[in-house]
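Trainee: Sequence and predicted structure below; questions after.
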Amino acid sequence: MPRILVDPEELRTLSGDLRRAADELRATARSFPRAMDGLAWESRLAVGMDAQASDAWRSAENLAGEAEALAGFAARKAEEFAAADRAGVEAMAGVAQAAAVLAQVGAWDAGGRLSQLTAEAVQWLRLGSLFGSLAGLPTIFSNLGWLRRLMPEAEPPAGPDATRLPDDAEVKFIQRVYGIDEQGYGPQTKKAVWDLQKQHGIEVDSAAMIGPLSWGVVMAAYREKYGIAAPAPAPATPAPAGADMTFQGVDLSKYFTPAEAKALKYTLTKEGRGFTTCHSSVWYEGKTGLQWDDTVLNFGIISFAFPVGGGYGVMHSLVNDPAAFAELEKLGPQYLHDQSDLAGFRKAFNSGSDGALAWFKTHAMADEHHLKPEWQGLLAAWEETEPNKKIQVEAVAGQYMASATAWAKKYGIKSERGLAFLFDVNVQHGDGLCAQWDASKGKLPWEQLDEQARLKVMLQADDVPDSIRRKAPIVNGGADFEREWNLSYARPWKKEG
């Protein structure tokens with residue numbers, strides 16, 4: 001039987017060319033932000049250019065990763081063939097062996113031509129000649145078609161946002177990653193899912209349903225199998241010129257970066273009417289249907305809640321700030337019959353949360369869930385005063401935004417969209433989801449997940465329907481969301497350096 005000739009040196013050359021191609025792809029990816037610098041923000045926004053640039057950057061990074069993986073594959077095969085030659089083993093003799101190698105390399109048989117050849121023709125194929133025809137790899141940008149044929153297979157499915165049975169594309173992908181040969185979601189595939197869930201401490205059910213946690217493990221296995229690095233953080237895209245850094249007369253630039261201000265504004269639109277949000281308990285859709293939010297006072301720029309949220313601390317600062325309390329005293333006669341109530345109000349918010357709650361229920365509440373009209377009017381008017389606004393914004397920056405940026409560093413969240421998600425979680429839940437996030441980070445190959453995949457996992461920890469509806473667009477929203485809120489996965493929330 002004629003021997004299939006393979007020159008290991010040709011494979012080593014191909015490996016080097018592929019690595020150079022990967023370097024060129026990454027260099028091109030890095031040039032995208034610089035190319036955008038000279039373009040007006042309005043023009044970019046009108047044609048959706050930022051989103052297109054982000055997609056192009058991700059494609060270049062993915063292609064570079066695939067090229068590096070194939071470079072490693074070619075280098076390993078070169079050593080295998082050299083070793084086989086030294087041992088005198090005809091490792092690639094015969095049609096089956098030749099077909100397997102060609103299918104693995106993937107450069108020649110993308111159109112299924114191998115199956116059309118006779119066995120004799122396949123036996124005479126010389127892989128050295130095939131690889132020699134690809135010697136022009138350094139000029140990759142003039143023709144990317146061959147590189148696309150070299151990719152392991154099509155892009156992976158996006159995966160589930162919530163726990164469900166995998167669809168056909170996801171089933172095939174799982175089978176490909178774990179080397180399973182069966183039709184549909186059969187027993188072997190389900191066993192692979194159950195095994196990976198047990199291994200990583202993910203809840204297992206009899207139907208072998210999967211969610212973001214399980215899909216993260218599958219993607220990590222896929223990247224490891226093909227030697228593909230997790231997507232790198234997106235490079236910075238210039239912030240829009242003339243970004244609005246004001247809110248209801250307050251200069252936000254004194255307290256927030258542009259990315260932080262955009263995160264804040266998203267949450268402000270969901271929390272009420274800005275500085276005039278003053279009410280008591282409200283209905284919301286919770287875990288068990290409509291329910292009260294268990295507060296006696298919601299007030300301020302992000303609806304500070306008392307006693308269940310951070311409202312006590314903010315109100316304590318307000319009543320002890322001379323300028324802010326002086327404004328309250330000026331307003332008092334317009335709303336209260338008994339001005340001594342102001343002194344009682346101040347004393348209450350210096351006596352601890354329980355003491356303040358007891359005073360508030362006795363003096364300011366009309367019933368269990370509603371403020372007296374005079375107190376609602378007084379507090380709403382007080383919020384419009386400049387000293388009150390200043391203390392509220394300082395509280396948001398020093399407490400809520402500071403925690404969100406600390407979480408971003410802890411969980412490897414680098415984009416301004418990721419920061420917006422974390423800030424909104426902090427406003428609604430405080431640190432109530434952190435334990436679940438820590439558990440997920442410990443169970444999953446966290447470093448192998450890209451940022452959107454991490455945020456999907458973190459979103460899954462939230463089980464309050466109202467909250468999920470509010471945060472899901474940050475995580476999953478496409479170009480329309482980005483245009484509306486100017487929040488991008490491609491821009492980091494923190495400047496480098």
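Mentor: In hand now; what should we look at? Residues are numbered from 1 along each chain as shown.

Trainee: quick one, strands of the stretch 301-450 of the chain?
Mentor: For the stretch 301-450 of the chain, strands defined by DSSP state E, counting those that start in this stretch occupy the ranges 304-306, 365-367, 370-371.

Trainee: Just say which of the ones you listed is most tucked in.
Mentor: When the strands of the stretch 301-450 of the chain are scored by mean count of other Cβ atoms under 10 Å, the highest mean neighbour count falls to strand 304-306 (a mean of 24). Placement of C-beta: from N, CA and C, glycine included.

Trainee: for the strands of the stretch 301-450 of the chain, which one sits closest to residue 351?
Mentor: Each of those has some distance to residue 351 by Cβ to Cβ; the shortest is strand 304-306, at 13.4 Å.

Trainee: strand partners of the closest one, parallel vs antiparallel please.
Mentor: strand 297-299 (antiparallel) (DSSP bridges).

Trainee: buried set for the strand it pairs with?
Mentor: Of the residues in strand 297-299, 297, 298, 299 count as buried by neighbour count, 16 or more other Cβ atoms under 10 Å.

Trainee: so the second one bridges to which residues?
Mentor: Read that as residue 298. Residue 298 has the following beta-bridge partners by DSSP bridges: residue 279, residue 305.

Trainee: Verify the contact between it and residue 307 for me.
Mentor: No. Using Cβ atoms under 8 Å as the test, residue 298 is too far from residue 307 to be in contact (11.3 Å).

Trainee: What count of nearby residues applies to residue 330?
Mentor: Neighbour count of residue 330, defined by other Cβ atoms under 10 Å: 12.

Trainee: Pull the number of nearby residues for residue 457.
Mentor: Neighbour number of residue 457 under other Cβ under 10 Å is 24.

Trainee: From residue 387, how far off is it?
Mentor: According to Cβ to Cβ, to the nearest Å, residue 457 and residue 387 sit 42 Å apart.

Trainee: In contact with the residue nearest to residue 377 when sequence neighbours are not counted, which residues?
Mentor: Distances taken as Cβ to Cβ, 6 or more residues apart in numbering put residue 335 closest to residue 377, at 5.1 Å, once the chain neighbours are dropped. The contact partners of residue 335, by Cβ atoms under 8 Å, 6 or more residues apart in numbering, come to 374, 375, 377, 378, 381.

Trainee: what does residue 170 give?
Mentor: 157, 159, 160, 210, 215.

Trainee: Averaged pLDDT, the strand or helix carrying it. What do you get?
Mentor: In this structure, residue 170 sits in helix 168-178 according to DSSP states H and E. Average pLDDT, helix 168-178: 89.

Trainee: Quick check: buried residues in the helix or strand just after it?
Mentor: Next in sequence after helix 168-178, counting helices and strands by DSSP H and E, comes helix 187-199. Going by neighbour count (16+ other Cβ under 10 Å), the buried part of helix 187-199 is 189, 190, 192, 193, 194, 196, 197.

Trainee: Quick check, pLDDT for the first one.
Mentor: The per-residue pLDDT reported for residue 189 equals 93.

Trainee: Kindly provide the distance from it to residue 467.
Mentor: 34 Å.

Trainee: follow-up on the earlier one: quick one: the buried residues of helix 187-199 as a markdown table, columns for distance to residue 356 too.
Mentor: As requested, the buried residues of helix 187-199 are exported to a markdown table (distance: Cβ to Cβ, whole Å):
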| residue | distance to residue 356 |
| --- | --- |
| 189 | 58 |
| 190 | 55 |
| 192 | 56 |
| 193 | 52 |
| 194 | 52 |
| 196 | 50 |
| 197 | 47 |
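
Trainee: Pick out whichever of the residues you listed sits closest to residue 268.
Mentor: residue 197 (39.4 Å).
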